[in-house]
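> sharing a model prediction with you, sequence too.
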Amino acid sequence: MKQWNNFTKGFIKDNPVFILLLGLCPALGVTTSAFNGFGMGLATTFVLLGSNIVVSIIKNVIPNKVRIPCFIVIIASFVTIVQLTMEAFLPDLFDSLGLFIPLIVVNCLVMGRAEAFASKQDIWSSIVDAMGMGLGFTLALTMLGGLREILGAYSIFGIQLIPGVTDGMLVFVLAPGAFIGMGYLIILFNYMKKKTA
Amino acid sequence: MAKKESTFLNMVVTLFLVTAAASFTLATVYNLTAEPIAQAREAKRQFAIGQVVPEFDHLESRKFLPPGGGDSLEFNFAYLNNELVGVAVNTWTNRGYSGRITAMVGFKHDGTIIDVFTLNHAETPGLGDKIEKGKSDWSNQYRGLNPAADNIRIRQDNGQIDAITAATITARAFSDAVQRAHDTFAENVMSQIKTEGEPVL
């Protein structure tokens, strides 16, 4: 039951983007389409999972004063692994996300979970926490990306909703649309959190 | 939980071990992915060349400096049965709305544009990204023009290319890239090609 709570808390109750307001840079920057948000979410989930596992394993041999540099080296290594692997095997996704992948290093979500959770808990809990938080982050980015794609380009995951109409409300594809969409999704998530609490 | 004490030696050793392990892991991953990455890049380049020149069976590449200065352009001479069918020029401009735009421009032997294809850019999604082939037909208007006779600047600059609505700067930049490709082509290659199909190099 405890692990189940650990897992599900990332979806609504502690949703990293809409409730904790962590990792807003990629959440606002890459979500021009549902697919981009989904890809970025999965990349971050992988990094989160890797760093949580490693941090949890070595937490007892890291001297307290140098723990942050160690965490950053670990996170940066996983980010580079994701970047190289994506460029090699998913070049199309890399074309649209490539610029933002290195930014996962400074995504406060990854650092935050390493410092606040994995460095204090056992491996199993850390894995569950990483999966829950990562999928919650993916859900948030896909929702925001989907909202912006539907309103901005009248399509979802690249599939046109109205044949022949491609010019949607341009503002939603541009940066201001990210903030507008984010605002309404924060309202929605806080409302849902209140209902379930 | 028994946290290890933060003595000087402990910290130095730990940091060294963590960074050493990270370097080793990254070196391994790099070695594993180097080959697929090179293949993916080569496939992308081949695809872009194929978009702007007719069918070919082998390529020869050479670099030329543009007359206006700046980075050299890669010329890909495309041959079919040892006859030159087109030249795909990898060109660039720094006048984009957000930085550099790179594009592939295909020329016939006399400098007529066969087609253009955008490679990399960071233009505004929904506006400037209409220079991409998949997003809009905008770039098709360069087809069949010869910059020696036709003015390939945008209408606002008294040329004959329709700019993109709300992305004039991007369209102007794209024309600049095509013009750079043609200028370099005219200076270095055109004089050496006497008749259609004759090998150059």
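Alright, I've got the coordinates.
> per-residue confidence for B:L201?
B:L201 is assigned 53 on the pLDDT scale.
> one more: B:K4?
67.
> what's next to the lowest-mean-pLDDT helix or strand in chain B, contact-wise?
Counting by mean pLDDT, DSSP states H and E, chain B has its least confident helix or strand at strand B:58-64, which shows a mean of 87. For strand B:58-64, the external contacting residues (CB atoms under 8 Å, 6 or more residues apart in numbering or on different chains) are B:49, B:72-79, B:184, B:187-189, B:201. Quick note: C-beta positions are derived from backbone N, CA and C, even for glycine.
> contacting residues for A:L170?
Contacts of A:L170 (CB under 8 Å, 6+ apart): A:G152, B:G126, B:L127.
> residue contacts, the last one?
The one in question is B:L127. Contacts of B:L127 (CB under 8 Å, 6+ apart): A:L170, B:I164, B:A166, B:A167, B:T170.
> how far off centre is stretch A:146-163?
21 Å (CA atoms, centre = their mean, to the nearest Å).
> for it, list the C-alpha coordinates in CSV.
Coordinates of the C-alpha atoms in stretch A:146-163 are reproduced here as CSV (Å, rounded to 0.1, in the frame of the first residue of the first chain):
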residue,chain,number,x,y,z
GLY,A,146,-1.8,18.0,-26.5
LEU,A,147,-3.7,21.1,-25.4
ARG,A,148,-1.4,23.4,-27.3
GLU,A,149,-1.4,21.2,-30.4
ILE,A,150,-5.2,20.9,-30.5
LEU,A,151,-5.8,24.6,-30.1
GLY,A,152,-2.7,25.8,-32.1
ALA,A,153,-2.7,23.4,-35.0
TYR,A,154,-6.1,21.5,-34.8
SER,A,155,-4.2,18.2,-34.6
ILE,A,156,-3.2,15.6,-31.9
PHE,A,157,0.0,13.5,-32.2
GLY,A,158,0.3,14.8,-35.7
ILE,A,159,-3.2,13.6,-36.8
GLN,A,160,-5.3,16.4,-38.3
LEU,A,161,-8.7,16.8,-36.5
ILE,A,162,-10.3,18.9,-39.2
PRO,A,163,-9.1,17.8,-42.7
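> circling back to that earlier point, ok, then the element right after the least confident helix or strand of chain B?
As assigned by DSSP states H and E, the chain's next helix or strand after strand B:58-64 is strand B:73-80.
> for A:F38, helix, strand, or coil?
helix (DSSP: H, G, I helix; E, B strand; the rest coil).
> give me the number of residues near it?
Residues near A:F38, counting by other CB atoms under 10 Å in any protein chain shown, number 19.
> how far does the strand or helix carrying A:M182 sit from its chain's centre?
Assessed by DSSP H and E, A:M182 sits inside helix A:175-196. Distance, stretch centre to chain centre, for helix A:175-196: 16 Å (CA atoms, centre = their mean).
> biggest helix in chain A by residues?
The residue-count maximum for a helix in chain A (DSSP state H) belongs to helix A:123-153.
> tell me which residues of that helix come out buried.
A:125-153 (16 or more other CB atoms under 10 Å in any protein chain shown).
> which element follows that helix toward the C-terminus?
For helix A:123-153, the following helix or strand on the C-terminal side (DSSP H and E) is strand A:155-156.
> re the thing from before, which of the buried residues of helix A:123-153 are close to chain B?
A:G152, A:A153 (CB under 8 Å from any CB of the partner chain).
> and the helix holding A:M182, what's buried?
Within helix A:175-196, the residues scored as buried using 16+ other CB under 10 Å are A:G177, A:A178, A:G181, A:M182, A:L185, A:F189, A:M192.
> what do you get for stretch A:111-119?
Buried-residue list, stretch A:111-119, by 16+ other CB under 10 Å: A:M111, A:G112, A:R113, A:A114, A:F117, A:A118, A:S119.
> ok, residues contacting that stretch?
Counting by CB under 8 Å, 6+ apart, A:20, A:22, A:48, A:51-53, A:55-56, A:59, A:62, A:67-68, A:71-72, A:74-75, A:125-126, A:129-130, A:133 sit against stretch A:111-119.
> tell me the mean pLDDT for stretch A:134-152?
The pLDDT scores in stretch A:134-152 average 91.
> and stretch A:96-110, by the same measure?
Mean predicted confidence for stretch A:96-110 is 83.
> likewise stretch B:158-173?
90.
> ok, stretch A:24-40 next?
The predicted model gives stretch A:24-40 an average pLDDT of 86.
> for stretch B:179-186, same thing?
With pLDDT averaged residue by residue, stretch B:179-186 scores 91.
> which other residues reach that stretch?
Counting by CB under 8 Å, 6+ apart, B:64-68, B:73, B:75, B:87, B:89, B:91-93, B:103, B:105, B:107, B:111, B:113, B:147-148, B:152-153 sit against stretch B:179-186.
> swap the cut-off to 10 Å and go again
B:63-68, B:70, B:72-73, B:75, B:87-93, B:103-107, B:111-113, B:116, B:145-148, B:151-153, B:159, B:190, B:193 (CB atoms under 10 Å, 6 or more residues apart in numbering or on different chains).
> those in strands, which ones?
B:63-64, B:73, B:75, B:87-93, B:103-107, B:113, B:116 (DSSP state E).
> how confident was the prediction at B:Q46?
On the pLDDT scale, B:Q46 is placed at 89.
> hmm, B:N76 and it touching each other?
Yes: B:Q46 is in contact with B:N76 according to CB atoms under 10 Å; the separation is 9.3 Å.
> which one of the two has more residues nearby?
Taking other CB under 10 Å, B:Q46 and B:N76 do not tie; B:N76 has more neighbours (22 against 13).
> right, I'll leave it there.
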